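[1] With the sequence up front, the predicted model follows.
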Amino acid sequence: MKTILSLIFILTFSTPFLSHAKINTTGISIGKKVILQSKILNEERPISIFIPDTVKDDQPLYVIYLLDGVEHFHTASGVIKSLVDYEQIPNAMLVGIDTTHRVRDYLPKVQGEPKTEFQTFVKNKWPEAGQTDNFLKFVSDELMPYINSNYSTNGYNTLIGHSNAGTLALYTLVNQPELFNNYIAISPNSWWSDEELKNNIIKYTKNPKGAQELFISVASEGARFYTGVLNTLVNLEQQTPSQLTWEYKHYPAFTHMGTILPALSDSLIHLFRDLIFKVTDEHGKFSDVSLITGYYQALNDKYGFDVKIPQDVFVEFAHNQQKFGNTAKAIATLKRFTRDYPNAAYSHMRLSQGYTANKQFKEAVTSMKHALELAKKNSRDPLLIDALQDMVKKAQANL
């Protein structure tokens, strides 16, 4: 009985306190929306823009253009933030193009009489379809100039399209390949007949304009989605365009819409699969830091923009050098780490540990103190600052 009375007392008298508790709420915004007045399309086109907050204002960005921006912007922005933050892809910005009329903008024009059942359906249902060239003119002549003039871009561009928008990605690849460096077609809607598809890829093969990379995927849709992607791959294998490299992935466990998340992540990582240098024991035994700096210089030449050496590559490379007793080489690697990341407490902390391993205790104290100063300056987690303070004391104890 006492227990029941106590419970009634708690519920009765605690409720007012809970109801009057002060709660502060703030909104969370991701990216921003701009409205472009397109003279080419004669309409307003909403554009969503996202730049990860870890990217500094003066750092050049490669641009990822996303079709169907309303549907996929938040998914794509989350993926891109994660991949940029953890150095799986270079610094990038996302440009989501809101859809106003999908079949008009994304599906190619029917040439002559319809050659497939789907072409017949579209021509009868949406006679205004097939204005893809006009839409691409908006992208090339209005949208891209706006982005390049208002943001620090490096001229390297990727196009992402899903379903009908994936069809547009393939159409752009074979008709205006130079518009983008990379094309990601996620479950593209099978549009062309077999003969049209073959002729388009032959035309693309015979007229190389730069070099492109394609990531194409299909989910569990079956039917013409699966057949269309396989026919595309067969024709690519038969024609082997020298200017194109491609990757195919099947997602049988995902639905047509559910495939967006894994395909986005996999495709963007694949495009920059060489960004993470694979450190081996042989490198630790025999190589110095010039091996990785030379490797990333070659990547700069390949991509046409500066690619920073990821922090983990420096750390793993130095660790392997230390493992085989090459402490002097490890220190040179870690010094280069601090040069590339001068404002990162992590780089100076690692250099301090390298000095300690080489019994250069005075230098170790100096570097660890600098790491602590940077952590305080950058308002890092108090737990990190506390840990660095302990590391400074430990380094000083070695003097």
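    Right, received. Where do you want to start? Residues are numbered from 1 along each chain as shown.

[2] List the buried residues of the strand or helix carrying residue 103.
    Here residue 103 sits within helix 102-106, counting by DSSP states H and E. Using 16 or more other CB atoms under 10 Å as the test for burial, helix 102-106 gives 102-106. To be clear about C-beta, it is placed using only N, CA and C from the backbone, and glycine gets the same treatment.

[3] For residue 183, see how far away the closest residue to residue 131 other than its chain neighbours is.
    Excluding the flanking residues, the one nearest residue 131 by CB to CB, 6 or more residues apart in numbering is residue 104, at 5.0 Å. Noted for residue 104: a distance of 21 Å to residue 183, by CB to CB, to the nearest Å.

[4] And for residue 303?
    Taking CB to CB, one finds residue 303 at 16 Å from residue 183.

[5] Specify which residue of those two has the higher count of neighbours.
    Shown here are residue 303 and residue 183; by other CB atoms under 10 Å, residue 183 has more neighbours (27 against 19).

[6] Show the backbone phi and psi for the more buried one.
    phi -130, psi 130 (degrees, to the nearest 10).

[7] Report the contact partners of residue 88.
    82, 268-269, 272, 275-276 (CB atoms under 8 Å, 6 or more residues apart in numbering).

[8] try residue 368
    348-349, 352, 388, 391-392, 395.

[9] what's the closest non-adjacent residue to it?
    Using CB to CB, 6+ apart, the nearest residue to residue 368 is residue 352, at 4.0 Å.

[10] Mean confidence (pLDDT) on the host helix or strand of that neighbour, please.
    In this assignment (DSSP H and E), residue 352 forms part of helix 345-357. On average, the pLDDT along helix 345-357 is 95.

[11] Quick one: name whatever helix or strand follows that helix.
    By DSSP H and E, the next helix or strand past helix 345-357 is helix 361-377.

[12] gap between that following helix and the chain center?
    Put simply, helix 361-377 sits 33 Å off its chain's centre (CA atoms, centre = their mean, to the nearest Å).

[13] What's the separation between residue 279 and residue 350?
    15 Å.

[14] Tally up the residues packed near residue 176, please.
    Residue 176, neighbours per other CB under 10 Å, totals 16.

[15] Next one: it relative to residue 207, how far apart?
    Counting by CB to CB - residue 176 and residue 207 are separated by 11 Å.

[16] again with residue 46
    34 Å.

[17] Nearest residue to the middle of the chain?
    residue 80 (4.0 Å; CA atoms, centre = their mean).

[18] Report the spatially closest residue to that one, excluding sequence-adjacent ones.
    residue 94 (5.3 Å).

[19] Output the contacting helices and strands for the helix or strand the one you found falls within.
    For residue 94, the host element (DSSP H and E) is strand 92-97. For strand 92-97, the helices and strands in contact under the criterion 3 or more CB pairs under 8 Å, 6 or more residues apart in numbering; DSSP states H and E are strand 43-50, strand 61-67, helix 69-85.

[20] Just to check, residue 324 is in contact with residue 282?
    No: counting by CB atoms under 8 Å, residue 324 stays clear of residue 282, with 9.7 Å between them.

[21] out of the two, which sits in the busier spot?
    The residue with more neighbours, out of residue 324 and residue 282, is residue 324; 15 against 10, by other CB under 10 Å.

[22] Might you report the residue contacts of the residue nearest to residue 131?
    126, 128-131, 135.

[23] Show the pLDDT at it.
    93.

[24] Distance of it relative to residue 122?
    Relative to residue 122, and taking CB to CB, residue 104 is found at 10 Å.

[25] any shared contact partners between the two?
    Joint contacts of residue 104 and residue 122 (CB under 8 Å, 6+ apart) are residue 129.

[26] The helix or strand where residue 333 lies to helix 361-377, inter-axis angle?
    Element membership for residue 333, per DSSP H and E: helix 327-340. Orientation check (axes from the mean of the first three to the mean of the last three CA atoms, to 10 degrees): helix 327-340 against helix 361-377 gives 30 degrees.

[27] Give me the contact list for helix 327-340.
    Under CB under 8 Å, 6+ apart, the answer for helix 327-340 is 287-289, 292-293, 308-309, 311, 314-315, 317-319, 321-322, 344, 347-348, 350-351, 354-355, 357-358, 360, 367.

[28] Kindly supply the PyMOL command isolating those of those residues that are buried.
    With 16+ other CB under 10 Å as the criterion, this PyMOL line picks the buried residues out of the contacts of helix 327-340:
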select buried, resi 287+288+289+292+309+311+314+315+317+318+319+321+322+344+347+348+350+351+354+355+360+367
